[in-house]
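Novice: Requesting a structural model of the entry that follows:
(2 chains)
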Amino acid sequence: MNRSSRLIPLIYIIFLMAPIYWLLNMSFKTTNEILGSFSLWPQNFTLENYEKIFTDPTWYMGYVNSLAYVSINTVLSVAVALPAAYAFSRYRFVGDKHLFFWLLTNRMAPAAVFALPFFQLYSAVGLFDTYLAVALAHTLFNIPLAVWILEGFMSGVPKELDETAYIDGHSFPSFFFKIFLPTIAAGVGVAMFFCFMFSWVELLLAKTLTAVEAKPIAATMTRTASTAGYELGLLAAAGTLTIVPGAFVIYFVRNYIAKGFALGRV
Amino acid sequence: MNKTINQKGWLFVLPVVVLVAFNAIIPLMTVVNYSVQETFGDNTFFWSGVGWFEQVLHSPRFHAALGRQLMFTGIILAIEIPLGVIIALAMPRKGIWVSVCLVLMALPLLIPWNVVGAMWNIFALPDIGLLGRSLNAIGWDYNFTRHPSDAWFTLIAMDVWHWTSLVVLLAYAGLVSIPDAYYQAAKIDGASPWAIFRYIQLPKMKRVLTIAVLLRFMDSFNIYTEPFVLTGGGPGNSTTLLSIDLVKVALGQFDLGPAAAMSLIYFLIILLLSWIFYTLMMRNEEQ
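Specialist: Predicted coordinates:
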């Protein structure tokens, strides 16, 4: 490979990092410094924005809330998607193709369309402002995606594996949990990664379905705009901290990313 | 793979169907309900038939928002797909740089969407933002809160920043699945780099690229939070995409009937276009 093409990923990564650096830079400045002067790095380095977030429960509970509903959603989506994906990859049954497409259509539904009816539905069943409400609402787009990814991975496993296991005397549950699941472990990891990702970044539904108790961090951030003007330093620090969980998750799945984005079968 | 006919399959998909139906069908019926009724705000509803649909379909405001939406989706697809492929081709295949590249490139994908909007807002502001300040320094009178063309430029730059990595990672996954033997054979035949791309790499990436186009199409059509935080649909209405317009009608003006009719038309457009993509994709796969 020649030298000039090596530069392309480098330039791209610099482009990706520039706005993140700017956010990080601002998070170490006071709001006054941000508005008063322009500098490429903090002149009066301060941690007070972070200090405020870690000491004020109305701030840090936002992270706890977000992580809580994201975790519930991830586990729930993948748990119900596993048997469904198995059925789609192994069996033919009445309406299977239509069902698969119908599931995918829910991935296409604009959240803006569902915001108001969701609010009414979850208020009616008494789940408004709970982790469960957001976790359940996010299954709308995460279950179809998880089924899609897992189905891809499962279809890559030859059917002889199932048949041999039955001949060896395994029952279906014992085959599924002891043999099949370990075989597609990478697929499960990738599906969980995607569910985490889309639940973590979504705000419109999460904000609509919560008020105080389960309010996500991303919604907590919007209040810096309304109370004391723009508290830009605080906003930048809160924003920077929302990147951290994602970075952790990517680091753990980095070896699966390339394969997983191909949804199993290339 | 040849599948066995087994109606037990329905038992396996039942939990998924119940959960998704609860989330999809009840709210969808609520929307359908609103779309054919008229209300005066006191919780009494009157049948109004397809009136709202006609109103929305003939409204210049809806046409304008749809036009902007199609333009936005068209532009970002035209930039992100080729750019993603180019970057994936230039990426290293082995060594520690692969992990470094992948982790750094995936980072934008995991940032909450309103943080993406807020980050680009402060990045692009002409007085305190790095981008805005730099562009003004090189003599471009750049201000995305005042000039519609600058607002569009920023919006597209933000989306390219946010989502090109998805295309890169998908295309890269397609590329690493090509066995070395293919390249050696091409070398023996004296194939040009273009021929290698056209006859080896591109066919291998076809499936993942279809997924990339499908995902980017659906998600860019549904985009709401990022442009809302970045520009709020302004200046004027210049960046008011479909979702933003819809929320303005539904929650801002509380016109439930027109908003519901608009939602359904909007959803049907996405459904139709996605169905076309999906059918084409499945046909390719069967071949």
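Novice: elements contacting the host helix or strand of residue A:61?
Specialist: Residue A:61 is part of helix A:57-90 when elements are defined by DSSP states H and E. Identification of packing neighbours for helix A:57-90 by 3 or more CB pairs under 8 Å, 6 or more residues apart in numbering or on different chains; DSSP states H and E yields helix A:48-55, helix A:96-108, helix A:131-155, helix A:185-201, helix A:217-221, helix A:232-260, helix B:9-35. The C-beta positions use only the backbone N, C-alpha and C, and glycine is treated the same way.
Novice: model confidence over the longest one, on average?
Specialist: Meaning helix A:232-260. Helix A:232-260 comes out with an average pLDDT of 81.
Novice: Checking stretch B:30-37 against chain A, do any of its residues make contact.
Specialist: Yes - counting by CB under 8 Å from any CB of the partner chain, chain A has neighbours in stretch B:30-37: B:30-31.
Novice: from the chain's centre, how far out does that stretch sit?
Specialist: 27 Å (CA atoms, centre = their mean, to the nearest Å).
Novice: where does the stretch 1-150 of chain A have low pLDDT?
Specialist: A:1-4 (pLDDT under 70).
Novice: how about a cut-off of 90?
Specialist: Within the stretch 1-150 of chain A, the ranges that satisfy pLDDT under 90 run A:1-9, A:23, A:25-64, A:89-130, A:141, A:145, A:148-150.
Novice: Spatially, what comes nearest to the residue sitting nearest the centre point of chain A if we skip its sequence neighbours?
Specialist: Centre of chain A computed as the mean C-alpha position; nearest residue by CA atoms, centre = their mean is residue A:197, 1.8 Å away. Nearest residue to residue A:197, sequence neighbours excluded (CB to CB, 6 or more residues apart in numbering or on different chains): residue B:110, at 5.5 Å.
Novice: Quick one: neighbours of residue A:97, just the number.
Specialist: The number of residues packed near residue A:97 is 10, by other CB atoms under 10 Å in any protein chain shown.
Novice: Roughly how far does it sit from residue B:206?
Specialist: As judged by CB to CB, to the nearest Å, residue A:97 and residue B:206 stand 21 Å apart.
Novice: can you check residue B:278 too?
Specialist: Residue B:278 is 15 Å from residue B:206, by CB to CB.
Novice: The two: who's more crowded?
Specialist: residue B:278 (18 against 15).
Novice: Pick out the residue of the stretch 101-250 of chain B closest to chain A.
Specialist: Residue of the stretch 101-250 of chain B nearest chain A, by CB to the nearest CB: residue B:110 (2.7 Å).
Novice: List the buried residues of the helix holding residue A:61.
Specialist: Residues A:59-63, A:65-74, A:76-78, A:80-90 are the ones in helix A:57-90 that count as buried (16 or more other CB atoms under 10 Å in any protein chain shown).
Novice: Now find how far off-centre that helix is within its chain.
Specialist: Using CA atoms, centre = their mean, the offset of helix A:57-90 from its chain centre is 9 Å.
Novice: Tell me which strands whichever helix or strand comes after it pairs with, and in which orientation.
Specialist: Note on helix A:57-90: by DSSP H and E, the next helix or strand toward the C-terminus is strand A:91-92. If you go by DSSP bridges, strand A:91-92 pairs up with strand B:4-5 (parallel).
Novice: Distance-wise, check the residue lying farthest from the centre of chain B relative to residue B:182.
Specialist: Distance from the centre of chain B peaks at residue B:188, with 41.4 Å (CA atoms, centre = their mean). With distances taken as CB to CB, residue B:188 is found 11 Å from residue B:182.
Novice: so what pLDDT did residue 189 get?
Specialist: With no chain named, the answer covers chain A. Note on residue A:189: pLDDT of 84.
Novice: looking at chain B here, not the other one
Specialist: For residue B:189, the model assigns a pLDDT of 88.
Novice: Can you tell me how far residue B:247 is from residue A:208?
Specialist: For residue B:247 relative to residue A:208 (CB to CB), the value is 10 Å.
Novice: got any residues that touch both of the two?
Specialist: Here residue B:247 and residue A:208 have residue A:115 as joint contacts, going by CB atoms under 8 Å, 6 or more residues apart in numbering or on different chains.
Novice: Just give me the neighbour total for residue A:254.
Specialist: Residue A:254: 16 surrounding residues under other CB under 10 Å.
Novice: if I look at it, how far off is residue B:169?
Specialist: Counting by CB to CB - residue A:254 and residue B:169 are separated by 11 Å.
Novice: Please apply the same query to residue B:155.
Specialist: 23 Å.
Novice: Tell me who's in contact with residue 249.
Specialist: Went with chain A since none was named. A:193, A:196-197, B:110.
Novice: think we crossed wires, I meant chain B
Specialist: B:255, B:258-259, B:262.
Novice: just these now: which is nearest residue B:71?
Specialist: residue B:262 (18.6 Å; CB to CB).
Novice: what secondary structure does the closest one sit in?
Specialist: The local conformation at residue B:262, judged by DSSP: H, G, I helix; E, B strand; the rest coil, is helix.
Novice: is it true that it touches residue B:61?
Specialist: No - counting by CB atoms under 8 Å, residue B:262 does not reach residue B:61; the two are 9.7 Å apart.
Novice: Point me to the residue of the stretch 151-266 of chain A nearest chain B.
Specialist: Closest point on the stretch 151-266 of chain A to chain B, by CB to the nearest CB, is residue A:246, at 2.7 Å.
Novice: who touches that residue in this structure?
Specialist: Contacts of residue A:246 (CB under 8 Å, 6+ apart): A:197, A:200, B:107, B:109-111.
Novice: change it to 7 Å
Specialist: By CB atoms under 7 Å, 6 or more residues apart in numbering or on different chains, residue A:246 lies in contact with A:200, B:107, B:110-111.
Novice: top of those by neighbour count?
Specialist: For the contacts of residue A:246, neighbours tallied by other CB under 10 Å; top is residue A:200, 27 neighbours.
Novice: ok, residue B:270 to residue B:214 distance?
Specialist: 11 Å.
Novice: Let me see the contact set for the closest residue to residue A:202 other than its chain neighbours.
Specialist: Spatially, and ignoring its direct neighbours in sequence, residue A:202 is nearest to residue A:138 (6.3 Å; CB to CB, 6+ apart). Counting by CB under 7 Å, 6+ apart, residue A:138 makes contact with A:73, A:199, A:202, A:205.
Novice: now do 10 Å
Specialist: Neighbouring residues of residue A:138 by CB atoms under 10 Å, 6 or more residues apart in numbering or on different chains: A:69-70, A:72-74, A:76-77, A:111, A:195, A:198-200, A:202, A:205-206, A:209, B:23.
Novice: Then residue B:162?
Specialist: Counting by CB under 10 Å, 6+ apart, residue B:162 makes contact with A:16, A:19, A:201, B:76, B:80, B:108-109, B:111, B:113, B:116-117, B:119-120, B:219, B:223, B:226.
Novice: Now the element after the helix or strand hosting residue B:163, going C-ward?
Specialist: Assigned by DSSP H and E, residue B:163 falls within helix B:148-176. Once helix B:148-176 ends, the next helix or strand along the chain (criterion: DSSP H and E) is helix B:180-188.
Novice: list the buried ones in the next helix-or-strand element following that next one?
Specialist: Next along the chain after helix B:180-188, taking DSSP H and E as the criterion, comes helix B:193-196. Neighbour-count burial for helix B:193-196 flags residue B:196 (criterion: 16+ other CB under 10 Å).
Novice: So which residues make contact with helix B:193-196?
Specialist: Against helix B:193-196 from outside (CB under 10 Å, 6+ apart): A:2, B:89, B:178, B:182-183, B:186-187, B:189, B:201-202.
Novice: For PyMOL, write the selection for the buried entries among the residues you listed.
Specialist: Those of the contacts of helix B:193-196 that count as buried under 16+ other CB under 10 Å are selected in PyMOL with:
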select buried, chain B and resi 89+178+186+201
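Novice: out of the contacts of helix B:193-196, which one sits closest to residue B:65?
Specialist: Of the contacts of helix B:193-196, the one sitting nearest to residue B:65 (CB to CB) turns out to be residue B:202, at 35.3 Å.
Novice: what separates residue A:94 from residue B:279, distance-wise?
Specialist: For residue A:94 relative to residue B:279 (CB to CB), the value is 20 Å.
Novice: Thank you kindly, that will do.
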